[in-house]
Every structure is written in C-alpha cells, then in structure tokens.
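S.K.: Following is a predicted model, sequence given first.
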Amino acid sequence: MERNNLKELLRVLEELRAEQFPDIPMQVINDIVVAQYDNLSEDDRMSARAKTTETIMQFLNDVAAKEKEVESAKLS
Amino acid sequence: MLSFRSMTLVNFGPYKGEQKIEFPKRDGVVIFWGDNGRGKTTLLNAFRFALFGTIQRRNNALNSLMSMENSEAHASGDYGFQIILNMKNDQDDYLLTREFMPRPGVHTPTKEEDYAKGYYLKKNGSRLSHEDAKHELNTLLPERVSRFFLFDGELLQEYEELLIDDTTTGERIKNAIERILGVPVLTNARQDTDDIRNTLNKQKTKAVQNDSQANKFANTLNAIETGIEEHRKHINDLDQELKVQYKEQIHIEDLMRKTEQLREWQSEIDSLRKSKARNEKARDEQLLEMRATAKDMWRGMLRRRIDECLSDLRDRISLLEVRKNQKTILDKVVGDIRKAVTERTCPVCEQAVEGNAWEILNKRLQESVLEAGLTVEEQDELLKVRGRIDLLSGMLRDSARSKVRAIESQLASLGLDIDSDGTRIQEYQKRAAEYSGDSEAVRELPVKHLRIMQKIDNLASSKKGESEKLDELRGKREQLMIQIGRLAGGSALKEATRKLDLCNHIYSLFEQGVGKYREKLRSKIEHDATDLFVSISGDPDYTSLQINSSYGLSIVHRTGSLVPGRSSGYEHIVALSLIGALHKNAPMRGPIIMDSPFFRLDKTHKKNIARTLPHMADQVILLAYNGEIDRGVALDELKDNLVREYSLQRVSSMHTHIEQGVS
C-alpha cells in the first residue's frame, strides 16, 4: 500500500536504514509506517500495534526460516 | 488529499431552509463575501459541526448547539438542523451527514436536552457502521488538528504560546503540529517495536535457560527479566493513569475555556456579594451609631433659643468687662493723683504741685473713689454670666446635629452601594442562568484543575523513577547478553538472539528516525514559513523566521538578532506562515477554511496574503467582507486562482441566503 503523502517520512527512514540497518528490508518499514498512519487515532492504537507486531514477527520468522535452510544446506 | 465537494445546510444559523454550496473540482480559492452578522463565522462552524459535532464561539462564549438553530424556522415549528458534507480523499468519496434534531417523542423542544445529536457516513456509496465511520473521520481529519484547517483569524494569537516554554496551550499546539506532520507514526512505531522487543527478550531468556552452555546465566537473567517486567508493568500502569489524567486535564481546560465567561460572572457575583455584605455591615454599624447619637438630638431643637441667650449674655458680659477695664485705668490715674497730693510732686512731669493745683487734685481724688469699679453685685453677676455662657456653649458643642448629618450622608452612600451591588448581582445571575449545565460544578473547575496538575506531576515523577530503575536493569541485561553472546550456543539460542538483534535494529531505526524526521521537518517548516513570511511581510529588515523545538517562529532581523515581541498584525502574519508551511509539509493535507484572516492587517499585507493564499493549500475557502479586503484587490491578486465567489445576502436579520457570484 502506498501513501504519497508519507514520502518524506519514508525517505528519512530509508536513509537511516541504508546507512545503518541494511539487514532490515524497506518493505517491512513501509508496512509498519502505513499501519501506524492508518490507525493514528487513540481508539485505533491496538489495531496499529497488532499490525506492526504481525509485520515484524512475519519478517523475523521468514529470516529465521531462511537461515535455517541455509544452515541445513551447508550441513548437507 | 482531502477536498470538499459540496455542503448543504438545513436551518443552521441564519441559513434558513435547505441551502447548498458547490465547491469547484479545480484547485483554488473560493470566497464567501458577507457583511458583519450575515453568517461567515457560522459557515466555519458548519464545517466544524459536520466534521466534529462541535461549534466554537469567540470569547469562549457558551457553546449551546440549540443556539445554532435558525430562529425563524424554529418559530414556524421546523426544529433542529442538519449539515451534509460531500468530500473526496484521494480516490474515495464520502458523504457525511450530521444533525441536531428533537428526540423522538418531543414535539415542541424548548431546551438543549430535548434534542439529540447524530451522524452517519457513507464511503463510496455504502453506509459505514458507527465504529468504522468514527475511524474514517479520525483518519481524514482528526479534531486535534482542526486548528490548522479551520481557523478564525481572531484566534491566531494563541500561536504566540509556542514561543513560551511549558504552557499547556503551547504544548497542545505543538502536539497538534506533530500530529499533522506525522511524528506519532514514528513514536508509536517505536513504542510498539519496543513491546515486541520485550517479548523477544523473554523468548531469549527461555532459550538461555534451555541452552546447555548458557544456562549458568539463566537465574541471573531471569531475575533481571522479572525486574524489568515489573518496572515495565508499573510504567505502563503509570502511563495509563497519566493518559487518563491528561485526558481529564484537557477536558477540564476545555470546560474552563468554554465556561470562562460563566466563571467570570460567578467571580463577579461572589465579589459583589462580599462587597454587599461589607456595606450592609457598615450600614448596620452606622444605624447603631445613629441610635446612640439620636439620644442627644433634642439639644439641636433648642439651638436657636440657646443662641439668643448666648447673644444676650455676651452683650452683658461685654458691658461689665468694659466697666471693669475702666476701673483698672481709673485706678492708675487715681494712683498718680494720690501720689501728686501726698508727695506734692507730679509723677508725670516731676514738677512741684502747690497751691490751687494741689486743691483741685485733692478734690478730684475724693470724687474718683466714689465713681470707681463694679459693685459687689455686678462682680457676682459677671462670674455668673461667664458660667452660664460656658454651660450654654457646652450644650451646643455636644449637639449631635453635625454628627447625625455625617451619619445620614454615610448611610445614603452605603444604601446606594448596596442597591447597586444588588442590581449587578441580579444582572450577572440572569446571564449565568443561560448556562444549562451545573453551574456549581463550574465553580469547582479551577480547584479540580489544580488537583489534576498535582496528580500529573506526581505520576510523572514516579514514572521517571521507574524508568531510571528500568534503564539500570536493561544495562545489566545488556552486559549479560554480551557474555552469553561469546558462547557458541545451540540453534534455539542463536535463533532467539538473531530475532532480537533484528528487532533491536528496527527499534533503533524508529528511535533515530523520530529525531531525524523532527529535525528535517523543523528545517523545512522554517524554510517554507520564511518564504511565505517574506512574501507577505515585505519589510526588508525582516529577513527570515527562526524555529524553536516547539515549532514556535521568531522573526529574524537583518542584523541576525531575533525581533523581541511583535505586533498583533505580525503575529497574524507569522501564524499564517506557519500554517502554510505545515500544509506544505504534512502527510495529512486538506483544505483550509479561513474566517477573517485580514482583520488586523493593513492594505499592503492584505494584498500580499491574498496573493499567497493559493500557495497555502490546494483548496482555500475564505470568509470575508468587502472592506476587510477590497474585492478588486482580491481579484487582481488571485487571478485564475479565484475559482468561485459566493455572497451572503440578507433576507431578514435571522435569514441569510447564499448566492453564487457577487451582485
């Protein structure tokens, strides 16, 4: 999902990511930002948190799974 | 980007019946021309009511929705009002209807409680549930940032609070600015990521326990994690409590603002009551004094007679004293004659007194003894007359007349003051009676506010203490993790460590992102606000604006110094520059509706602002009267950017008709 009006905010994050945290894909950051922006009101905080958690955990599990595969491939 | 397509008003304010305003699809400025009292501010309130269900009056006057009903419609039995707002946001169409109608079963509403508010929202033709509608509206245009979209030029001076540290208004505006700029996207993301980190830390602790190499650290790590969890929970509880208190603070401050007028009246009533009580007490004391003094008032009735007697007595005493004085002189002369006779020498010229002269003097001496002085009776009389004069004069001195006059004058003055206080109390009570809420509760608001601020201080202080302890434990955990990291460890521990590391990276990204984004935003806002300011101001000595950490803007003189203090006109210009810059940089964008943006400004600045309007937002709706800004000037400066004009035409004092174009 794109939000043209979040370009500047995402640009700042991309600069930081590329410089210091290249192991974090920009898509993960983008998805978190959009989830937060779409649920900014106080009433929607739980929804924002749930979506952020889902995004991060999905990413972490994917990384863990890939690294396991690589490890298994090395051993075999 | 949000834009308005149309607005329909039904019996709202002076807009009797159903009246529709169409906004052109093309970007630009729409001007509503209307004389004073024709309903310009009411139009601003129409947008506010539609979007947020509230109205706002100047001078914090009481905000009764019932007062927005068209009175002619009400008189003819057509009760309540409605606003229908047609909006577009990117590809989505919205139709928002908000109304204030008599409750079911109420046929002739007479008070606020007889009405009910309601709203519904359609998105792309489908009606949303109440929950979804609320969410959509909060996303489109949250009320907290409404000041940047709907604003009244007469209230722009509040932006000056951004330059002052630690004011509640300044803090609220700053939060609203950061909200519109999207900063909470990052701060919330940081907070949520921290929560996930916490979960992953626990998972790692478990993995340490189960790892054959690392489990020697398990107990220590467990203890640290338990401590961290306790402090986090406590901080979370404090945060929840703080949120409640902040909400309450905002609620009370809103109430205080809305009831400022009522509280001023109450304060006046209290002050007048005290004054009246003091005056009544003084009056009672004076009345007592009067009673005491009146006992001697009979003396005043005899005054005339006493004056007459005194006059007679004084005449008599004068006579007696003249004779007494004559004797004194005579005694001296007789003494000289006696001396001349006995010593046969004149005591004046010291010549000898012989023969005939001595005979004459001796004879005169015999005669004078017989003529001299007051008789015994007359001497007695003299004493008695003096005594009577003293007695009668004393009676006049003790006369209460002048004292009574003074008391009467005082009583008259106190009576006037008491009446005046009483009349003013009644006037204020009459005004205060218009307030439909609990006026006694309103009195308590300042005390409540103070209590809440103290509570907030205490909670913040506790939170700080807890945070310090938490940081200490986290530091210990960090050290321990470094030691654990040196071990080879099993796959489960490695996986848990890897996940935690990645999550820490995400957290750090957002953590640093908050600071960097704020820095960048401030720089851009300063730059864009400066551009707007310089084009509006036209003063060559004012070269730029400088922003502070709260987004307050100071004017920079060409010498490099900050301009201390500024006129209300320049406050206006700086505020408009800030708003324009925010709109340019905010992720949340939409139309600007301005009521009386020119009222403090001179011709040149009005012209400059008119020219700048199209650069502030894609859709600008201006509410002005011809004279506040000259229509010719507006047309010249806006050119093609002026996409439509409306005029607010008087039908009657309570009925305005919205007409497209200007006649």
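M.R.: Yep, that arrived.
S.K.: so who does residue B:221 touch?
M.R.: The contact partners of residue B:221, taken as CB atoms under 8 Å, 6 or more residues apart in numbering or on different chains, are B:205, B:208, B:477, B:480, B:484. All C-beta atoms are positioned from the backbone trio N, CA, C, and that covers glycine.
S.K.: quick one: which two of those residues are the most distant?
M.R.: B:208 and B:477 (11.0 Å; CB to CB).
S.K.: ok, those two, which is more surrounded?
M.R.: residue B:208 (27 against 19; other CB atoms under 10 Å in any protein chain shown).
S.K.: Next, residue B:94: secondary structure please.
M.R.: strand (DSSP: H, G, I helix; E, B strand; the rest coil).
S.K.: With adjacent residues omitted, what lies nearest to it?
M.R.: residue B:87 (4.5 Å; CB to CB, 6 or more residues apart in numbering or on different chains).
S.K.: got the contacts of residue B:221 as a markdown table, with secondary structure, pLDDT and distance to residue B:127 columns?
M.R.: Listed next are the contacts of residue B:221 as a markdown table, based on DSSP: H, G, I helix; E, B strand; the rest coil; pLDDT from 0 to 100; distance: CB to CB, whole Å:
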| residue | secondary structure | pLDDT | distance to residue B:127 |
| --- | --- | --- | --- |
| B:205 | helix | 90 | 50 |
| B:208 | helix | 89 | 54 |
| B:477 | helix | 92 | 52 |
| B:480 | helix | 91 | 57 |
| B:484 | helix | 88 | 57 |
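S.K.: hang on, the residue nearest to residue B:94 in a strand?
M.R.: Yes - the assignment for residue B:87 (three-state DSSP) places it in a strand.
S.K.: Can you get me a residue count around it?
M.R.: Residue B:87, neighbours per other CB under 10 Å, totals 23.
S.K.: okay, now the residue of the stretch 201-350 of chain B found nearest chain A: neighbour count?
M.R.: Closest to chain A within the stretch 201-350 of chain B is residue B:243: 8.4 Å, counting by CB to the nearest CB. Neighbour count for residue B:243, taken as other CB under 10 Å: 11.
S.K.: That one and residue B:380, how far apart?
M.R.: 104 Å (CB to CB, to the nearest Å).
S.K.: Then residue B:205?
M.R.: On the measure of CB to CB, residue B:205 and residue B:380 end up 127 Å apart.
S.K.: between the two, who's got more neighbours?
M.R.: residue B:205 (22 against 11).
S.K.: can you pull the contacts of the more buried one?
M.R.: B:218, B:221-222, B:225.
S.K.: secondary structure class for the residue nearest to the spatial centre of chain A?
M.R.: Centroid-nearest residue in chain A: residue A:28, 2.0 Å away (criterion: CA atoms, centre = their mean). The three-state label given to residue A:28 by three-state DSSP is helix.
S.K.: Any regions of chain B where pLDDT drops low?
M.R.: Per-residue confidence for chain B (pLDDT under 70) gives these ranges: B:57-63, B:154-168, B:300, B:368-373, B:397-400, B:436, B:663.
S.K.: Of all residues in it, which one is closest to chain A?
M.R.: Counting by CB to the nearest CB, chain B gets nearest to chain A through residue B:138 (3.7 Å).
S.K.: Leaving out sequence neighbours, find the closest residue to that residue.
M.R.: Nearest to residue B:138 is residue A:41, by CB to CB, 6+ apart, at 3.7 Å.
S.K.: Is the one you found in contact with residue B:143, as I believe?
M.R.: No - if you go by CB atoms under 8 Å, residue A:41 and residue B:143 don't touch, sitting 9.7 Å apart.
S.K.: which of these two has more neighbours?
M.R.: residue A:41 (19 against 15).
S.K.: residue contacts, the more buried one?
M.R.: The contact partners of residue A:41, by CB under 8 Å, 6+ apart, come to B:135, B:138-139, B:142.
S.K.: do residue B:200 as well
M.R.: So residue B:200 contacts A:60, B:496, B:499-500, B:503 (CB under 8 Å, 6+ apart).
S.K.: From these, pick the one nearest residue B:407.
M.R.: Nearest member of the contacts of residue B:200 to residue B:407, counting by CB to CB, is residue B:503, at 87.9 Å.
S.K.: chain center to the helix or strand encompassing the closest one, what's the gap?
M.R.: Element membership for residue B:503, per DSSP states H and E: helix B:491-537. Taking CA atoms, centre = their mean, to the nearest Å, one finds helix B:491-537 lying 37 Å from the centre of the chain it belongs to.
S.K.: quick one: is it near chain A?
M.R.: Yes - against chain A, helix B:491-537 shows contacts by CB under 8 Å from any CB of the partner chain at B:491, B:495, B:498-499, B:502-503, B:505-506, B:508-510, B:512-513, B:516-517, B:520-521, B:524.
S.K.: What remains of those residues if I keep only buried residues?
M.R.: B:495, B:498-499, B:502-503, B:505-506, B:508-510, B:512-513, B:517, B:520-521, B:524 (16 or more other CB atoms under 10 Å in any protein chain shown).
S.K.: returning to what we had before: helix, strand or coil for the residue of the stretch 201-350 of chain B closest to chain A?
M.R.: helix.
S.K.: show me what contacts it?
M.R.: Applying CB under 8 Å, 6+ apart, no residues contact residue B:243.
S.K.: Same check on residue B:610?
M.R.: Going by CB under 8 Å, 6+ apart, residue B:610 touches B:629, B:633-634, B:637-638.
S.K.: For it, pull up the helix or strand it's in.
M.R.: Using DSSP H and E, the element containing residue B:610 is helix B:603-616.
S.K.: Residue B:9 too?
M.R.: strand B:2-12.
S.K.: List the contacts of residue B:109.
M.R.: Taking CB under 8 Å, 6+ apart, one finds B:66, B:79-80, B:102-103, B:115 in contact with residue B:109.
S.K.: Could you rerun that using 10 Å?
M.R.: B:66, B:69, B:74, B:79-80, B:101-103, B:115 (CB atoms under 10 Å, 6 or more residues apart in numbering or on different chains).
S.K.: any chance of the residues you listed in JSON lines, with neighbour count, distance to residue B:233 and secondary structure too?
M.R.: Shown next, in JSON lines, are these (neighbours: other CB atoms under 10 Å in any protein chain shown; distance: CB to CB, whole Å; DSSP: H, G, I helix; E, B strand; the rest coil):
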{"residue": "B:66", "neighbour count": "18", "distance to residue B:233": "47", "secondary structure": "helix"}
{"residue": "B:69", "neighbour count": "20", "distance to residue B:233": "51", "secondary structure": "strand"}
{"residue": "B:74", "neighbour count": "18", "distance to residue B:233": "55", "secondary structure": "helix"}
{"residue": "B:79", "neighbour count": "20", "distance to residue B:233": "52", "secondary structure": "coil"}
{"residue": "B:80", "neighbour count": "22", "distance to residue B:233": "49", "secondary structure": "coil"}
{"residue": "B:101", "neighbour count": "16", "distance to residue B:233": "47", "secondary structure": "strand"}
{"residue": "B:102", "neighbour count": "14", "distance to residue B:233": "49", "secondary structure": "strand"}
{"residue": "B:103", "neighbour count": "10", "distance to residue B:233": "45", "secondary structure": "coil"}
{"residue": "B:115", "neighbour count": "20", "distance to residue B:233": "45", "secondary structure": "strand"}
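S.K.: Spell out which two among these are the most distant pair, please.
M.R.: Taking CB to CB as the measure, the contacts of residue B:109 have their most distant pair in B:74 and B:103, spaced 15.5 Å apart.
S.K.: and the residue of chain A found nearest chain B, what are its phi and psi?
M.R.: Closest to chain B within chain A is residue A:41: 3.7 Å, counting by CB to the nearest CB. In this entry, residue A:41 is assigned phi and psi values of phi -70, psi 160 (degrees, to the nearest 10).
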